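Colleague: task: produce atomic coordinates for the following.
(chains A and B)
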Amino acid sequence: MGSKKLGMWLFIISDALTFTALLMAYSYSRISNPNWPTPFPIYPAVVFSTTMTIVLLGSSLTMVMGVAAAHRNDRSAAVKWILATMAGGAIFCALHIYEWMHLIHEEHVTLFSNPWGVPLFGATFFGITGLHMTHVSLGVLYLGVIAFAFGRGKFSAEDVEVSGLYWHFVDLVWMFVFPMIYLMSVKY
Amino acid sequence: MSEHTANHATSRTFLLVWIGLVALTMIEVWLAYIRLDLRLMLILLLGLSVCKAGMIMSFFMHLKYEKFSLTLLLVPALVVCICLMAIFFPDGIRALQMRN
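Modeller: This next block holds a predicted model:
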């Protein structure tokens, strides 16, 4: 195995612990506050975040196809798959920002206050989803660099695979953020 | 090594794994929809999420097709560190009891 791949794996493990720490802090706050807000109705909030989840999962599938094409040395197909992945990531971010704007402007949620009770809710929600969205945005830029250079014959298939590892990790983190933040906070 | 990994999984495998991930996600949403007890739901949701994470790591991230020593290097360390963080939970419960 190449050093780049091992390096990315080690980064992923450490980054996973960053997200774990945030989710643990969120869980701690929730345990110690009995009236934690549960503001997300099934429709539209959960349906909306489920759509975001499917989009992100879809972008993982296109990334896998891109890595497979890169290993076949089919550079144009690999670039197209990576561009599709970037589009998925961009759609995810756009939907997420739309949701944020709705929460900030219409529900009046801020980092330190919200209309439902425990003020920490905003800090945990925006902190966790914000760090995840930062990862997705940076991932789109990272994939853009990889697609550009790989299309021009510069990077190797391993570089595409390593960028794919990062992208799948971002997807993996969302698989924990989505149930813990949204599905555990359904308003019935 | 790279050529070696690509030979193992086909597009069909990836598509099947992806369908499995979407199906598990739908089950999670359904669990939220039918309004279970919050503690039971947390356990079920985390269980399903760990399954999904395993599927993503094994297939999409190719861990299944790498040397097993890589899994041994990464997974136990991560699991131990995550479990160590659970040491804060008793204090969370204490804080709740002090509040009441």
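Colleague: same for the helix or strand harbouring B:C83, what does it pack against?
Modeller: Following DSSP states H and E, the helix or strand that holds B:C83 is helix B:68-85. Packing partners of helix B:68-85 (3 or more C-beta pairs under 8 Å, 6 or more residues apart in numbering or on different chains; DSSP states H and E): helix A:3-32. All C-beta atoms are positioned from the backbone trio N, CA, C, and that covers glycine.
Colleague: measure how whichever helix or strand comes after the helix holding B:C83 sits relative to helix A:3-32, angle-wise.
Modeller: Per DSSP H and E, the first helix or strand lying C-terminal to helix B:68-85 is helix B:89-99. Put simply, helix B:89-99 runs at 20 degrees to helix A:3-32, going by axes from the mean of the first three to the mean of the last three C-alpha atoms, to 10 degrees.
Colleague: helices or strands up against helix B:89-99?
Modeller: Secondary-structure packing of helix B:89-99 (3+ C-beta pairs under 8 Å, 6+ apart): helix A:3-32.
Colleague: in its sheet, which strands sit next to the following helix or strand past the helix it packs on, and in what direction?
Modeller: Moving toward the C-terminus from helix A:3-32, the first helix or strand encountered (DSSP H and E) is strand A:40-41. The strands beside strand A:40-41 in its sheet (DSSP bridges) come out as strand A:186-187 (parallel).
Colleague: quick one on the thing from earlier: please point out which parts of the helix holding B:C83 sit buried.
Modeller: For helix B:68-85, a neighbour-count test (16 or more other C-beta atoms under 10 Å in any protein chain shown) marks B:74, B:78, B:85 as buried.
Colleague: for stretch A:113-121, same thing?
Modeller: A:114, A:116, A:118, A:120-121.
Colleague: next: stretch A:6-16.
Modeller: A:8-9, A:12-13, A:15-16.
Colleague: ok, which of those residues also contact chain B?
Modeller: A:9, A:13, A:16 (C-beta under 8 Å from any C-beta of the partner chain).
Colleague: leaving out sequence neighbours, find the closest residue to the last one.
Modeller: Spelled out, that is A:A16. B:L78 (6.1 Å; C-beta to C-beta, 6 or more residues apart in numbering or on different chains).
Colleague: what sits against the one you found?
Modeller: By C-beta atoms under 8 Å, 6 or more residues apart in numbering or on different chains, the contact list for B:L78 reads A:13, A:16-17.
Colleague: ok so, going back, make JSON lines out of the buried residues of helix B:68-85 and add pLDDT.
Modeller: As requested, those are exported to JSON lines (pLDDT from 0 to 100):
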{"residue": "B:L74", "pLDDT": "96"}
{"residue": "B:L78", "pLDDT": "96"}
{"residue": "B:M85", "pLDDT": "95"}
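Colleague: from the residues you listed, pick the one nearest A:T38.
Modeller: Checking the buried residues of helix B:68-85 against A:T38 by C-beta to C-beta gives B:M85 as the nearest, at 23.8 Å.
Colleague: which residue, neighbours along the chain excluded, lies closest to the closest one?
Modeller: Counting by C-beta to C-beta, 6+ apart, B:M85 lies nearest to A:M24, which is 4.7 Å off, once chain neighbours are set aside.
Colleague: now that neighbour: how far from A:I31?
Modeller: Distance, A:M24 to A:I31, by C-beta to C-beta, to the nearest Å: 10 Å.
Colleague: how is chain B divided into domains?
Modeller: The record's domain parsing of chain B by automatic domain parsing lists B:1-66, B:67-100.
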